[in-house]
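[1] Sequence unavailable; structure follows:
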Ligand code: GUN
């Protein structure tokens, strides 16, 4: 048996089209154009690729994109001053400060300086608290996209056993909160969990967000489970040529897809959902702020 392959790329395209439609209507009816500001400090190559893709897809959705590229030597005070300007700028509905930040900058302090109403990453403690208490916060993009993919194959999750492997603030913890709000019985597993394979085997919904290539094996997966692979790991691929890499997830896909009821591939699963959800949050923030 091979599980359903959840096509995140196609789902994200559909979501972006629906967002573009709503953005066009906002412009026509209310004369409003949502705006997203992205702040990149330094020259981290992976971050540069992300920021370029974000800007491109923002413009394609009909929104305004404001890019702020600052040198790695930017001080914390300069960054806080920019965040304050963006908070006050009426044309900006969403603010994203790309992580990681250089070590001399206190990232938490910067994230907490963002107006919670414009915090499209959902990292501000006010939004974290609202999501945890079940209402109204901007939801971090990767867990939000993961939940949409889960619900694309099963609408009602009530009573299911969900296991989230990974306890990061960006994915694991908010993912657990979203699944709890869907009335799942949620376990958050991590590097110190005893009998991780046994814990995973209980999961009707298994979300892997650990950042370890192909760690979750096929025999850790309950037959018929929904498996969401958040991992994006670059591993050497000598079969593609010397020095070449390929992307793999946190799940051993070939083994797991033979057991799972539905599974996301890497690439083409959760990855494309993240930017689509960022646009979703920017539109959401615009509608809430400008009513
Ligand atoms: N760096 C890698 N992923 C993310 C993300 O989702 N948000 C931000 N701000 N930075 C990131």
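    Perfect, thanks for sending it. Owing to the predicted nature of the structure, the values given are computational and were not obtained by experimental measurement.
[2] how about stretch 263-283: buried residues?
    Buried residues in stretch 263-283, counted by 16 or more other C-beta atoms under 10 Å: 263-266, 268-283. Glycine gets a C-beta too; all of them are placed from N, C-alpha and C.
[3] from the stretch 1-150 of the chain, which residue is nearest to the ligand?
    residue 99 (3.7 Å; C-beta to the nearest ligand atom).
[4] ok so, going back, among the buried residues of stretch 263-283, which ones are in helices?
    271-283 (DSSP state H).
[5] Any regions of the protein where pLDDT drops low?
    Applying pLDDT under 70 to the chain flags the ranges 1.
[6] Spell out which parts of it neighbour the ligand.
    Neighbours of the ligand within the chain, by C-beta under 6 Å from any ligand atom: 96-99, 121, 141.
[7] burial of residue 158, as a residue count?
    Residue 158: 8 surrounding residues under other C-beta atoms under 10 Å.
[8] List just the nearest of the residues of the chain next to the ligand to residue 201.
    residue 141 (29.1 Å; C-beta to C-beta).
[9] now for the residues of the chain next to the ligand, which pair is the farthest apart?
    97 and 141 (13.7 Å).
[10] Which residues does stretch 179-190 contact?
    Stretch 179-190 is touched from outside by 134, 147, 157-167, 172-173, 176, 196, 199-200, 202-205, 207, 210, with contacts defined as C-beta atoms under 8 Å, 6 or more residues apart in numbering.
[11] Next step: the residues you listed restricted to helices.
    147, 172-173, 176, 196, 199-200.
[12] can those go into TSV with extra columns for neighbour count?
    Listed next are the ones in helices among the contacts of stretch 179-190 as TSV, based on neighbours: other C-beta atoms under 10 Å:
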residue	neighbour count
147	23
172	22
173	19
176	22
196	18
199	18
200	24
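[13] taking the contacts of stretch 179-190 one by one, which sit in strands?
    Residues of the contacts of stretch 179-190 located in strands (DSSP state E): 161-165, 205, 207.
[14] Taking those together, which two end up most distant?
    The widest separation within the ones in strands among the contacts of stretch 179-190, taken as C-beta to C-beta, falls between 161 and 165 and amounts to 13.4 Å.
[15] Same drill for these two, tell me which one is more crowded.
    Shown here are residue 161 and residue 165; by other C-beta under 10 Å, residue 165 has more neighbours (29 against 17).
[16] Tell me how far the more buried one lies from residue 136.
    28 Å (C-beta to C-beta, to the nearest Å).
[17] starting at the chain centroid, how far to stretch 98-109?
    19 Å (C-alpha atoms, centre = their mean, to the nearest Å).
[18] tell me how far the ends of that stretch are from each other?
    Terminal residues of stretch 98-109 lie 14 Å apart, using C-alpha to C-alpha, to the nearest Å.
[19] same check, this time on stretch 153-162
    First-to-last residue span, stretch 153-162, C-alpha to C-alpha: 15 Å.
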